[in-house]
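Participant: sequence and computational prediction follow.
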Amino acid sequence: MSFTPEREKIHRLFKDFERGGFSARNRFVRAATWLGCCAHETGELTQAAVSRTAEAAAGGAGTVVSEFAYVSREGRAATRQWGLDCDRSVDEVRRLASAVHERGSKLIVQLCHAGGALNSAFAETAGLSPSGIALPSCDVESRAMTADDMARVRGEFAAAALRAKEGGADGVELHGAHGFLLTQFLSPIFNKRTDEYGGSAENRARFTRELCAAVRAAVGDDFRLWIKISAEEGVPGGYGWDAGKLAALGALESGADAVEISSGTSYSGAVHAPSMVGVSAGESEAPFAPYARELRREAPDGALVVLTGGLRSLPVIAELLDEGCADMFGLSRPFIAEPDLVNRWAEDDARPSACVSCNACLKTASRGHVNCPVMRDREEGEWAPL
């Protein structure tokens with residue numbers, strides 16, 4: 001069967017590939033997506049959460065990144081968030097990994113600490129942050145971390161990563177983006193420390209490097225370690241791409257295998273918001289591609305670069321792969337709208353994602369599980385509960 005050059009580029013997206021010790025059946029990643037399905041009181045992974053995560057694997061995503069899991073109750077970042085803070089969660093990872101693996105996909109478990117990004121809806125105590133400075137729209141105080149606090153948090157991440165490994169996941173991803181603890185360390189706005197963790201961009205990235213090294217030492221060399229980083233903070237006075245790139249390269253030098261590039265925070269303006277509105281197929285796609293492209297050029301041999309944010313159409317994603325911008329491509333809201341998106345694309349239905357980037361899905365969390373009300377209404381009425 002003959003293909004045009006354009007179809008050859010698209011075909012590459014669906015081929016098995018391997019790089020840096022990681023292999024997958026295609027280049028598509030279901031990026032980490034909080035689904036609001038876990039038990040609020042205990043952080044237990046529910047069957048609904050397993051089913052919703054497995055949907056993306058069944059729908060064709062070669063790699064699935066779990067919704068963010070907290071490494072300690074102190075580090076919770078949302079209501080109904082999964083917790084990987086106790087040994088009970090090993091069996092929960094095992095259930096999730098089995099569901100994803102049975103559908104032919106790889107599972108990366110995302111680990112997160114909220115730092116000072118705290119709200120009274122879920123916070124149980126005062127939190128920890130680099131300098132004890134409150135983030136916008138956060139109504140719970142935090143205190144500046146001591147050396148003992150930092151050592152403890154590194155240990156909590158390492159312990160959670162070991163639980164994910166014991167449960168059969170293929171790797172973990174440290175959430176260093178979107179305003180959580182690692183972003184706060186990178187930020188000159190929220191990191192006012194005068195020790196070796198503050199001041200210069202190099203110092204502000206030190207905790208990220210140490211965390212990568214601690215997790216790598218805990219899990220060994222045969223387990224994948226990813227990190228998600230916001231390329232820029234996206235606010236006046238915040239860190240820019242030079243500091244974001246420094247942190248990404250430092251993570252790769254300190255034990256990470258892959259960097260997932262996103263941008264912005266919960267308090268960023270529209271240009272750098274992680275879930276940008278108004279993205280449509282064509283010219284407005286892939287707003288964070290320039291960062292991934294530059295990181296790909298400077299990353300060590302074998303390192304994976306994953307681009308996430310505003311990807312909606314096969315021709316654009318295929319062109320980004322062909323030009324060497326990134327190795328894999330993460331989508332979140334498109335999978336909320338269409339869990340079977342990749343299967344549809346693989347079956348020669350190349351229409352762009354049905355996601356219209358309206359962020360209505362984010363508002364459904366207040367009523368229960370996150371879903372796409374646009375697609376639900378298009379399918380006439382409420383979807384059956386999972």
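Facilitator: Arrived safely, thanks for sending.
Participant: could you pull out the helices for the protein?
Facilitator: Counting by DSSP state H, the segments of the chain that form helices are 5-12, 47-58, 88-101, 147-166, 181-186, 201-204, 206-219, 241-253, 289-298, 314-322, 333-337, 341-346, 360-363, 373-378.
Participant: which residues sit in contact with D139?
Facilitator: D139 is in contact with L118, N119, S120, counting by CB atoms under 8 Å, 6 or more residues apart in numbering. Placement of C-beta: from N, CA and C, glycine included.
Participant: narrow the residues you listed to those that are buried.
Facilitator: Among the contacts of D139, those scoring as buried are L118, N119 (criterion: 16 or more other CB atoms under 10 Å).
Participant: now the contacts of D139 as TSV including distance to G309 and pLDDT?
Facilitator: TSV is the format used below for the contacts of D139 (distance: CB to CB, whole Å; pLDDT from 0 to 100):
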residue	distance to G309	pLDDT
L118	25	93
N119	24	91
S120	30	91
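Participant: a markdown table please, covering the contacts of D139 and showing distance to G168.
Facilitator: As requested, those are exported to a markdown table (distance: CB to CB, whole Å):
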| residue | distance to G168 |
| --- | --- |
| L118 | 32 |
| N119 | 33 |
| S120 | 36 |
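Participant: poorly predicted segments of the chain, please.
Facilitator: Along the chain, segments meeting pLDDT under 70 span 1-3, 270-282, 357-368, 372-386.
Participant: point to the residue nearest the middle of it.
Facilitator: Centrality entry for the chain: nearest residue to the mean C-alpha point is A32, 4.4 Å, by CA atoms, centre = their mean.
Participant: surely that residue meets V64?
Facilitator: No - using CB atoms under 8 Å, A32 is not in contact with V64, being 9.1 Å away.
Participant: of the helices of the chain, which is nearest Q81?
Facilitator: helix 47-58 (10.2 Å; CB to CB).
Participant: quick one: the closest one to chain centroid distance?
Facilitator: From the chain centre to the centre of helix 47-58 is a distance of 17 Å (CA atoms, centre = their mean, to the nearest Å).
Participant: same thing with stretch 172-183?
Facilitator: Centroid separation for stretch 172-183 versus its chain: 8 Å, with CA atoms, centre = their mean.
Participant: out of the contacts of D139, which sit inside strands?
Facilitator: Assignment to strands by DSSP state E places none of the contacts of D139 there.
Participant: quick check, nearest of the contacts of D139 to D242?
Facilitator: Nearest to D242 among the contacts of D139, with distances taken as CB to CB, is L118, at 28.9 Å.
Participant: my read is that that closest one contacts S142, right?
Facilitator: Yes - look at L118 against S142 with CB under 8 Å: they come within range, at 6.4 Å.
Participant: quick check: neighbours shared by those two?
Facilitator: Residues touching both L118 and S142 by CB under 8 Å, 6+ apart: G127.
Participant: pick the most deeply packed of the helices of the chain.
Facilitator: Most buried of these by mean neighbour count (mean count of other CB atoms under 10 Å) is helix 181-186; its value is a mean of 28.
Participant: list the helices and strands that one packs on?
Facilitator: Using 3 or more CB pairs under 8 Å, 6 or more residues apart in numbering; DSSP states H and E, the elements in contact with helix 181-186 are strand 127-129, strand 171-176, helix 201-204, helix 206-219, helix 241-253.
Participant: and that helix, how far out from the chain's middle?
Facilitator: The chain centre lies 15 Å from the centre of helix 181-186; the measure is CA atoms, centre = their mean.
Participant: output it as CSV - backbone C-alpha positions only.
Facilitator: Written as CSV, here are the backbone C-alpha positions of helix 181-186 (Å, rounded to 0.1, in the frame of the first residue of the first chain):
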residue,chain,number,x,y,z
LEU,A,181,5.4,22.5,45.2
LEU,A,182,8.2,22.1,42.7
THR,A,183,6.9,25.1,40.7
GLN,A,184,6.8,27.1,43.9
PHE,A,185,10.5,26.4,44.4
LEU,A,186,11.3,27.5,40.8
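Participant: contact partners of it?
Facilitator: 75, 112-117, 128-130, 135, 153, 174-177, 190-191, 197, 201, 204-208, 211, 229-230, 233, 239, 243-244, 247, 265.
Participant: if you set the cut-off to 6 Å instead, what comes out?
Facilitator: 113, 115-116, 129-130, 176, 190-191, 204, 207-208, 230, 239, 247 (CB atoms under 6 Å, 6 or more residues apart in numbering).
Participant: as CSV, those residues with distance to A56 would be great.
Facilitator: Converted to CSV, the contacts of helix 181-186 look like this (distance: CB to CB, whole Å):
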residue, distance to A56
H113, 25
G115, 28
G116, 31
S129, 32
P130, 34
G176, 22
F190, 33
N191, 35
R204, 34
F207, 31
T208, 28
S230, 23
Y239, 31
A247, 28
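Participant: burial count for W226?
Facilitator: 26 (other CB atoms under 10 Å).
Participant: cool, P300 as well?
Facilitator: By other CB under 10 Å, the residues close to P300 number 10.
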